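Colleague: Just need the structure, nothing else, for what follows:
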Amino acid sequence: MALLPNPTATDRERMSQSAASPTTDAARLPRQIPYIIGNEACERFSFYGMRNILVQFLVSSVILAYIPADAREGAAKDIFHSFVIGVYFFPLLGGWLSDRFFGKYNTVMWFSLIYCAGHACLAMFDDNKNGFYTGLFLIALGSGGIKPLVVSFVGDQFTRDNKHLAKIVFDAFYWTINFGSFFASLLMPLFLRSYGPAVAFGIPGVLMFIATIIFWMGRKQYVRVPPTRGEDPHSFYNVARTALTTQAPGQGRSGFLVAVFGAALAVGMLLCWAFKPGFWPEDFGFVITACLALGSLIAFGGIGTSMQLERARGAHPDAAVDGVRAVLRIIIVFALTTPFWSLFDQKASTWVLQGKTMVIPHDVWWWPSFLVKDAGQMQALNPILVLMLIPFNNVVLYPWLRRMGFEPTALRRMGAGIAFSGIAWIVAGAIQLSIDGGSPVSLAWQIAPYALLTFGEVLVSATALEFAYSQASGSMKGVIMAFWYLASTFGSLWVLLTNASVRNPAVIERIASTGLSENAFLMFFFAGFAFVAAAVFAWYARSYPMQDNYRAA
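Modeller: Down below sits the predicted model:
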């Protein structure tokens, strides 16, 4: 349990206000909740609004005019996935600043202002490379910085008297995320097409500014839990450090050496990026190198800690040591989901570019021609299908599987979700073969891969949070969320590494020898990548020691 500093008079006043009148509070939602929900709805629209038009804007913009036309799609995908890497890396920074120094409210406010500045840069510098890239960096920093805080800030507003109402709020919270994503995905490609990038990027900026104002308006009503300031002596970091640095009589320090090797490898990769030795791949820029270095630290540090973890017993409670062991196991599960995220996030890059080469079926009676006029709008299928599939799975699919004698455990669902993402990319590859054959292909065919990929997302993403919560002890749940966000970071890293590889002449020649276009080859490659990951996931899941860390009634 974290050791909290003594609350100030202001903190005691806020907490006492939240605890007053328990009978009344238990009957209604806290008054500050609408401010947080309103903030989330506007923020999600702003984020998905700019994210889902980014690739199609870059391909035809002056930002990439210096690149040959046939290389712009690849460059646009690289920029997009570098941006995604930042969005899911900066939660580490936001969570650390909140926990150590500023608390959730102040951290969210400051990062929201950075977020707004990023949107302003996109709208003002749509014809200036440096200004536009600065905007992308600021949005990644702002969005990522607040990502791990808002959900837990919602939880802080509830007490034991009204905790039964928290589920209603979290359901509403999830609904607003998909609501914002749906309308942003549906409308922003139209604004980009009809009014240009300044308006298309400006509208999400206005929504983010409104989100910040709404959040600020509730400032006097929020319950603000003081930051722990890193004073938990039995945190994940402290237990891992004790395990690695403790010397046991008559035993070596193999785990410590493994961790040191990982750190040295990380430093070596960063030095290679800085000094560019001849053996270092030219396409491995800072983003790829930094992610590889981070992966080295996590992988070898985790292995080393696992090897010597028992040495932390005595210096730390058994519960804390066991909690670290559980986190290390969960990290492996999360690592095996990274291929899924490499496929999932490409729906906003590779699939949008594929859709641009397809024919919009305005002559089909059931196609909503009055609304869907751009291939980028197909991304709106994802959030609307999520809202449909979650209740379908819980009410129809999972009970039916149980009646058939098959228990859809969390790990089984996640493994199946990875496999379904592979199937989605097989279908996308088949569509690409038809496009390459020269025949006009209806955009309606993309409904099938979107549906399969979204089904996989529900099985992986929604289940992973449930799984991690049940496996991690209470003091380790925050650490688990940080590693969960990093799964998306490394998913986009796989895409960047693949894109860098296909620029190699030997790889290009190998792809040409298959008779497939580069796009079709990569689609089938990523499908195979997912199937291999699903098989390894199933193998690891067979021996995974399940825990039950739900709070006792």
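
Colleague: so where's the stretch 101-250 of the chain uncertain?
Modeller: Scanning the stretch 101-250 of the chain for pLDDT under 70 picks out the ranges 160, 163, 167.

Colleague: so where do the helices sit in it?
Modeller: 103-124, 129-146, 150-156, 166-195, 197-217, 236-245 (DSSP state H, counting those that start in this stretch).

Colleague: Please identify the buried residues of the fifth one?
Modeller: By neighbour count, with 16 or more other Cβ atoms under 10 Å as the criterion, the buried positions of helix 197-217 are 197, 200-205, 207-212, 214-215. For glycine as for every other residue, the C-beta is placed from the backbone atoms N, C-alpha and C.

Colleague: and of the helices of the stretch 101-250 of the chain, who's closest to Tyr398?
Modeller: Among these, helix 166-195 comes nearest to Tyr398, with 18.0 Å by Cβ to Cβ.

Colleague: Report the buried residues of the closest one.
Modeller: Buried, per 16+ other Cβ under 10 Å, within helix 166-195: 166, 169, 172-174, 176-192.

Colleague: Could you do stretch 380-387 as well?
Modeller: Ala380, Leu381, Asn382, Pro383, Ile384, Leu385, Val386.

Colleague: Tell me if I'm right that the third one and Thr454 touch.
Modeller: Yes. In this structure Asn382 lies within contact range of Thr454 using Cβ atoms under 8 Å: 5.2 Å.

Colleague: so what pLDDT did Met1 get?
Modeller: For Met1, the model assigns a pLDDT of 34.

Colleague: typo on my end, Gly255
Modeller: 95.

Colleague: Also Ala553?
Modeller: Reported pLDDT for Ala553: 44.

Colleague: and if you look at Ala527?
Modeller: 98.

Colleague: Other residues contacting stretch 402-416?
Modeller: 333, 337, 397-398, 401, 456, 459-460, 463-464, 466-467, 470, 534, 537-538, 541, 544 (Cβ atoms under 8 Å, 6 or more residues apart in numbering).

Colleague: for that stretch, the distance to its chain's centre please.
Modeller: 24 Å (Cα atoms, centre = their mean, to the nearest Å).

Colleague: Just the mean pLDDT for that stretch, thanks.
Modeller: On average, stretch 402-416 scores 94.

Colleague: how about the CA coordinates for that stretch, as CSV?
Modeller: Below are the C-alpha coordinates for stretch 402-416, written out as CSV (Å, rounded to 0.1, in the frame of the first residue of the first chain):
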residue,chain,number,x,y,z
ARG,A,402,-20.3,-22.4,-22.2
ARG,A,403,-23.4,-24.5,-23.1
MET,A,404,-21.2,-26.2,-25.7
GLY,A,405,-18.7,-27.1,-23.0
PHE,A,406,-16.1,-24.6,-23.9
GLU,A,407,-15.1,-22.0,-21.3
PRO,A,408,-14.0,-18.7,-22.9
THR,A,409,-11.3,-17.8,-20.4
ALA,A,410,-9.5,-14.5,-20.6
LEU,A,411,-6.4,-16.0,-22.1
ARG,A,412,-8.4,-18.1,-24.6
ARG,A,413,-10.3,-14.9,-25.7
MET,A,414,-7.1,-13.0,-26.2
GLY,A,415,-5.4,-15.7,-28.2
ALA,A,416,-8.5,-16.0,-30.4
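
Colleague: in that stretch, what counts as buried?
Modeller: Pro408, Ala410, Leu411, Arg412, Arg413, Met414, Gly415, Ala416.

Colleague: quick one: secondary structure of the fourth one?
Modeller: Pointing back at Arg412 there. Secondary structure assignment for Arg412 (DSSP: H, G, I helix; E, B strand; the rest coil): helix.

Colleague: just the buried members of the contacts of stretch 402-416?
Modeller: By 16+ other Cβ under 10 Å, these give 333, 337, 456, 459-460, 463-464, 467, 534, 537-538, 541, 544 as buried.

Colleague: From these, pick the one nearest Gly145.
Modeller: Nearest to Gly145 among those, with distances taken as Cβ to Cβ, is Ala464, at 22.0 Å.

Colleague: how much space between the closest one and Phe483?
Modeller: 11 Å (Cβ to Cβ, to the nearest Å).

Colleague: can you list residues touching both of these two?
Modeller: Counting by Cβ under 8 Å, 6+ apart, the residues touching both Ala464 and Phe483 are Phe334.

Colleague: returning to what we had before: narrow the contacts of stretch 402-416 to those in helices?
Modeller: 333, 337, 398, 401, 456, 463-464, 466-467, 470, 534, 537-538, 541 (DSSP state H).

Colleague: out of those, who's nearest Asp78?
Modeller: Thr337 (22.4 Å).

Colleague: Which residue, neighbours along the chain excluded, lies closest to that closest one?
Modeller: Nearest non-adjacent residue to Thr337, counting by Cβ to Cβ, 6 or more residues apart in numbering: Ala487, 5.3 Å away.

Colleague: could the helices of the stretch 101-250 of the chain be laid out in JSON lines, adding distance to Ser492?
Modeller: Formatted as JSON lines, those follow (distance: least, Cβ to Cβ, whole Å):
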{"stretch": "helix 103-124", "distance to Ser492": "18"}
{"stretch": "helix 129-146", "distance to Ser492": "11"}
{"stretch": "helix 150-156", "distance to Ser492": "22"}
{"stretch": "helix 166-195", "distance to Ser492": "18"}
{"stretch": "helix 197-217", "distance to Ser492": "21"}
{"stretch": "helix 236-245", "distance to Ser492": "25"}
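
Colleague: which stretch among those comes nearest Leu265?
Modeller: Nearest of the helices of the stretch 101-250 of the chain (Cβ to Cβ): helix 236-245, 16.1 Å.

Colleague: quick one: the residue nearest to Ala315 when sequence neighbours are not counted from Ala264, how far?
Modeller: Spatial nearest neighbour of Ala315, excluding adjacent residues (Cβ to Cβ, 6+ apart): Thr242 at 5.0 Å. From Thr242 across to Ala264, the span is 21 Å (Cβ to Cβ).

Colleague: now do Met404
Modeller: Met404 is 52 Å from Ala264, by Cβ to Cβ.
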